[in-house]
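**Student:** sharing a model that was predicted from the sequence below.
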Amino acid sequence: MANAVSLPAWERLPEAPPINERSLAETLDGGQAFRWFRQPDGSWEGIWERNVVGLRLDPASRLEYRSPSGTPPGTILHYLGLDRIPGLIAALPCQADPVLEALCRKWGGLSLLRQPEGETLLAFICSSNKRIPQIRAMLLNLAAAFGEPVSGTGLNALPGWERLAEVREEDLRRCALGYRARHVAGTAAFLRGNPEFLQSIQELPLPEARVRLCRLPGVGPKVADCILLFGYGKCAAFPVDTWIARLMVRHYPELDGWTREQLATFARLHYGRAAGLAQQWLFADRSDPSD
DNA sequence: AGGCAGGTGGCCA
DNA sequence: TGGCCACCTGCC
């Protein structure tokens, strides 16, 4: 009887542009977010804050949703971020750059999510030296151990930073965080003493925001850029990880030997204010055998 | 069985 | 600045 949970019916997500299955999968589960789960029927179930949402495509590639947490469609649309993609594509120099042009044809459908800042910070502190499945596992552990259940969904929300500040580092380690436990504990303590910190990042220009985020333990340039891009909607942010560095050298051989910071500078100058979308296209292409 | 992974922090030239 | 290494954990 306890498992007889009744889900709302699927409905069209109003005003959502069409998206193909591959772009949807890459958007939800390609390394921007780590809290979307593929269901046996092929649909997706995801959670951010206390929003639990199911997503799937109808035969005409239109998005359908259902939300046991009662999250309204407008909130879901905002989270998905599809509305800003055409403007970002228009800002990229696709005509001038054949590499971008090809990537756009292939990955132009994927989106840049608008995720909650605090959760994005937690996820990317956990991401260092880890593959996507391991990051997912760490967050699942944290939610199970310290997060609150979202009633009627069977899922736990992630603990907020106030809650994390109460948790001992040793107990964070039990969530398989490894040395990242020290970073999470340190960041939680810092945020408890600086409650305006996360809020203050939003209004800062990108370079200042980046430097400021790097004051948090466990946050370096790469993680800071991920938080700015996926959490603060700063689409000019261009995280350079080992994958992106490799891929950039492959696509632009003259960049061979450049440091991460130099690659980030090149990206800012070459791609401009929508550099973050170009980064997602490059990353989405990481496991293409034809590369 | 060791190395490496979507990095960061600390230390040294 | 630029380079090197330790660091938890899990998987090939």
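**Tutor:** Here it is on my side, so go on. Quick caveat: nothing in here was measured; it's all calculated off a predicted structure.

**Student:** list the residues that contact the closest residue to DNA strand C within chain A.
**Tutor:** Residue of chain A nearest DNA strand C, by CB to the nearest atom of the strand: residue A:178 (2.6 Å). To be clear about C-beta, it is placed using only N, CA and C from the backbone, and glycine gets the same treatment. Not one residue lies near residue A:178 by CB atoms under 8 Å, 6 or more residues apart in numbering.

**Student:** and it, helix, strand or coil?
**Tutor:** coil (DSSP: H, G, I helix; E, B strand; the rest coil).

**Student:** what does chain A put close to DNA strand B?
**Tutor:** Residues of chain A lying close to DNA strand B (CB under 7 Å from any atom of the strand) are A:30-32, A:127-132, A:179, A:183, A:214, A:216-224, A:226, A:239, A:241-243, A:283.

**Student:** weed out the non-buried ones from those.
**Tutor:** The neighbour-count test (16 or more other CB atoms under 10 Å) applied to these identifies A:30-32, A:127-128, A:130, A:183, A:216-219, A:221-224, A:226, A:239, A:241, A:283 as buried.

**Student:** and these near DNA strand C, which?
**Tutor:** Among those, the ones lying near DNA strand C by CB under 7 Å from any atom of the strand are residue A:130.

**Student:** so which of the buried ones among the residues of chain A next to DNA strand B are in helices?
**Tutor:** A:183, A:221-224, A:226, A:283 (DSSP state H).

**Student:** any chance of the residues you listed in CSV, plus pLDDT?
**Tutor:** Formatted as CSV, those follow (pLDDT from 0 to 100):
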residue, pLDDT
A:183, 97
A:221, 95
A:222, 96
A:223, 97
A:224, 97
A:226, 97
A:283, 94
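
**Student:** quick one: strands adjacent to the strand ranked longest in chain A?
**Tutor:** Counting residues, the longest strand found in chain A (DSSP state E) is strand A:51-57. Strand pairing for strand A:51-57, determined by DSSP bridges: strand A:44-48 (antiparallel), strand A:63-66 (antiparallel).

**Student:** any chance of those strands in TSV, with mean neighbour count and mean pLDDT too?
**Tutor:** Compiled in TSV, those are given as follows (neighbours: other CB atoms under 10 Å; pLDDT from 0 to 100):
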stretch	mean neighbour count	mean pLDDT
strand A:44-48	21	98
strand A:63-66	20	98
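
**Student:** of all the ones you listed, which one comes closest to residue A:78?
**Tutor:** Closest to residue A:78 of those, according to CB to CB: strand A:44-48, at 11.0 Å.

**Student:** ok now the closest one, how far from the chain's centre?
**Tutor:** Centroid displacement of strand A:44-48 relative to its chain, using CA atoms, centre = their mean, to the nearest Å, is 12 Å.

**Student:** cool, stretch A:74-92 as well?
**Tutor:** 14 Å.

**Student:** need the contact partners of it.
**Tutor:** Contacts of stretch A:74-92 (CB under 8 Å, 6+ apart): A:13-17, A:19, A:27, A:48, A:51, A:53, A:55, A:63, A:65, A:67, A:100, A:104, A:108, A:111-115, A:233, A:235, A:271-274, A:277-278.

**Student:** could I get the buried residue list for that stretch?
**Tutor:** Result for stretch A:74-92 [16+ other CB under 10 Å]: buried residues A:76-77, A:79-82, A:85, A:88-89, A:91-92.

**Student:** quick one: low-confidence parts of chain A?
**Tutor:** For chain A, residues meeting the criterion pLDDT under 70 lie at A:1-5, A:288-291.

**Student:** having no further points to raise, I will conclude here.
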